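Asks: A predicted structure for the sequence below; I have some questions about it.
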Amino acid sequence: MRCHIGAFEAIGGAPEEILYDRMKTAVIGEDEAGVVTYNASLVALLNHYGTIPRACRPYRAKTKGKIERPFRYIRQDFFLARSFRNLDDLNTQFDAWRAEVANPRLHATTRRIVDDAFEGEKPALKPLPAIPYDAVLTIERRVSREGMVSVGGNLYSVPDTARKRMLEVQHHASEVRIFEDGKLIARHPVLEGKGLRRVDPAHRKAPPPRPPQQMPVQGLRRPLEFYDAVGRRLAAGGQP
């Protein structure tokens, strides 16, 4: 859903309809009359942009269009022999490659400049709504013994004061928000990658202060002459 939103923003509009393969994220099923049931979340998103879904005909590969070929071109012409510091750097390099290499090129099949062909199709796009669709993934997650919840293959901390073991998690595009009984108790930036951990120091109680260590009481030390005098008095039958 977020990729839909990003694509609409990138091209500056939304198409009249979108053709989908029959993956479960788009197509739930089809009855005997041929009526297709679409994913309700997808339908809500497309309604926001005034777009309708259309499913490929089953077992008719030609209706899918040439979808995978552009990815092969991107993989071979952009990704090979490149390195990226992080996701932002990847996106910056990709935008430059798209503007300077991919779009100004002569397309091998259509024999048209990609930028020129898109300019001719732009008037057919529907204008974007004033407010983008808020695509939020809401899930329930169990709190581990270490006070962490797992989201997207990464671990995020919850406050030590959390009472419930099952919490509601909202996975936004750039932020993870954790709720207990409808109250926001934690928020984290989305971690890039897998198997990572993020612990907010404010979520951990400070350990109780350690009691001050008492120095061992040492016995009173007296000079040897004192003990010698006490010994002589005791020997003489006197009191020490």
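Replies: Received the coordinates, thanks. Numbering: from 1, shown residues only.
Asks: By neighbour count, which bits of stretch 175-195 are buried? Give me those.
Replies: 176-178, 180, 185-186, 188, 190-191 (16 or more other Cβ atoms under 10 Å). Backbone N, C-alpha and C define where each C-beta goes, glycine included.
Asks: ok, the residues you listed vs residue 126, which is closest?
Replies: Nearest to residue 126 among those: residue 190, at 29.7 Å, using Cβ to Cβ.
Asks: Can you pull the phi/psi pair for the closest one?
Replies: phi -70, psi 130 (degrees, to the nearest 10).
Asks: give the contact list for it.
Replies: 152, 171-176 (Cβ atoms under 8 Å, 6 or more residues apart in numbering).
Asks: By neighbours, which of those residues wins?
Replies: residue 176 (22 neighbours; other Cβ atoms under 10 Å).
Asks: Let's verify that one: helix, strand, or coil?
Replies: strand (DSSP: H, G, I helix; E, B strand; the rest coil).
Asks: so it touches residue 188, yeah?
Replies: Yes - Residue 176 lies in contact with residue 188 (Cβ atoms under 8 Å); the separation is 4.6 Å.
Asks: tell me, what's touching those two both at once?
Replies: Jointly contacting residue 176 and residue 188 under the rule Cβ under 8 Å, 6+ apart are residue 156.
Asks: picking up where we left off before, columns pLDDT on top of the buried residues of stretch 175-195, output as CSV?
Replies: Shown next, in CSV, are the buried residues of stretch 175-195 (pLDDT from 0 to 100):
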residue, pLDDT
176, 93
177, 95
178, 95
180, 94
185, 95
186, 95
188, 96
190, 91
191, 91
